[in-house]
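Q: task: produce atomic coordinates for the following.
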Amino acid sequence: MSAEPVAAPAGPLILAEDLWRTYVMGAEEIHALRGVSFAIQPNEYVAIMGPSGSGKSTLMNLIGCLDTPSKGDYVLRGKNVSKMNDDELAEVRNREIGFVFQTFNLLPRASALQNVELPLVYAGIPKEERVARAKRSLEMVDLAARMSHKPNELSGGQRQRVAIARALVMGPSILLADEPTGNLDTTTGNEIMGLFERLQREGNTIILVTHERDIAEHAHRIIFIRDGKIESDERR
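A: The predicted structure follows:
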């Protein structure tokens, strides 16, 4: 008799409750986040928006398990990650979060396929499975024909697609994109935003961090942060 599938935890994918992040600079305390609370459901497409210094990057670091709150709880897939140590955070980060950065962060001497394989190498996945998964990931972003090309042989938009494929290859719970169109022209940026929309329709949860309203408006929900607090939370 086959084993029953393990059910995903009920409730939101992300639950943030009264998140504070305070930095001590000499005798001064700087409150980057001041009591932020929200929930994100699986398969949502959310933009976190705010001006420079608003706290959006601090919040992104908490969501991405790159940092922990000074106070409050961050629950991801039913687990309270705000109380985890660095090793536990790294494990959750590698398994649950796919990062997409403005600067692509690709290895210049490696092919697109090798760049996408990288997280699987760190995870100890055997070579045959690594290659198969990396190829599938590149197919998801319409780059199957460019998998042997190195970054300097690709356009900016194609490089960002490689970075998105790398973010997807571990099958993360969340695709977390930080200003993903910041280094792209408007037309290419719109193509990348169209790709995010398709990935969301295919079942991915996407959190986009940006200071640009026109980019944020591609999402189905915009959480606007100012002075470390949520000023508005609009569903579109």
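
Q: so who does the residue nearest the centre of the chain touch?
A: With distances taken as Cα atoms, centre = their mean, L176 lies nearest the centre of the chain, 1.1 Å away. When contacts are counted by Cβ atoms under 8 Å, 6 or more residues apart in numbering, L176 is found next to 60, 63-64, 97-100, 167, 207, 209. (Each C-beta comes from the backbone N, C-alpha and C, glycine too.)

Q: and which of the residues you listed is nearest K71?
A: Nearest to K71 out of the contacts of L176 is I63 (Cβ to Cβ; 16.3 Å).

Q: give me phi/psi at the residue nearest to Y74 when sequence neighbours are not counted?
A: Distance criterion Cβ to Cβ, 6 or more residues apart in numbering; nearest residue to Y74, sequence neighbours excluded, is S82 at 4.3 Å. The phi and psi torsions at S82 (degrees, to the nearest 10) take the values phi -70, psi -20.

Q: just R95 next, same as before
A: The phi/psi pair for R95 (degrees, to the nearest 10) reads phi -90, psi -40.

Q: do the same with V92
A: phi -60, psi -40.

Q: ok, for it, nearest residue in space, not its chain neighbours?
A: V92 sits nearest to C65 (Cβ to Cβ, 6+ apart), 5.1 Å away.

Q: residues in contact with the closest residue to V141 other than its chain neighbours?
A: Distances taken as Cβ to Cβ, 6+ apart place R161 nearest to V141, at 4.2 Å, with adjacent residues excluded. Contacts for R161 (Cβ under 8 Å, 6+ apart) come out as 141-143, 192, 195.

Q: can you check K83 too?
A: By Cβ under 8 Å, 6+ apart, K83 lies in contact with T68.

Q: follow-up on the earlier one: what pLDDT does the residue nearest to V141 get?
A: Note on R161: pLDDT of 95.

Q: please identify the helix or strand for it.
A: helix 156-168 (DSSP states H and E).

Q: equivalent analysis for T68, please.
A: With DSSP H and E as the test, T68 turns up in no helix or strand.

Q: find the nearest non-adjacent residue to it, please.
A: Residue nearest to T68 in three dimensions, not counting chain neighbours: S82, with 5.4 Å by Cβ to Cβ, 6+ apart.

Q: swap in S155?
A: Closest to S155 by Cβ to Cβ, 6+ apart is T188, at 7.3 Å.

Q: in a strand, the one you found, correct?
A: No - going by DSSP: H, G, I helix; E, B strand; the rest coil, the assignment for T188 is helix, not a strand.

Q: what sits against it?
A: By Cβ under 8 Å, 6+ apart, the residues touching T188 are 155-157, 160, 181.

Q: got JSON lines for these, with distance to G50 and neighbour count too?
A: Formatted as JSON lines, those follow (distance: Cβ to Cβ, whole Å; neighbours: other Cβ atoms under 10 Å):
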{"residue": "S155", "distance to G50": "30", "neighbour count": "12"}
{"residue": "G156", "distance to G50": "25", "neighbour count": "16"}
{"residue": "G157", "distance to G50": "26", "neighbour count": "18"}
{"residue": "Q160", "distance to G50": "23", "neighbour count": "29"}
{"residue": "T181", "distance to G50": "17", "neighbour count": "25"}
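
Q: go through the residues you listed and name the one nearest E91.
A: Q160 (26.9 Å).

Q: measure the closest residue to the closest one other than its chain neighbours to T210 for me?
A: Among residues not flanking Q160 along the chain, I192 sits closest, at 5.4 Å (Cβ to Cβ, 6+ apart). From I192 across to T210, the span is 12 Å (Cβ to Cβ, to the nearest Å).

Q: identify the contacts common to these two.
A: T181.
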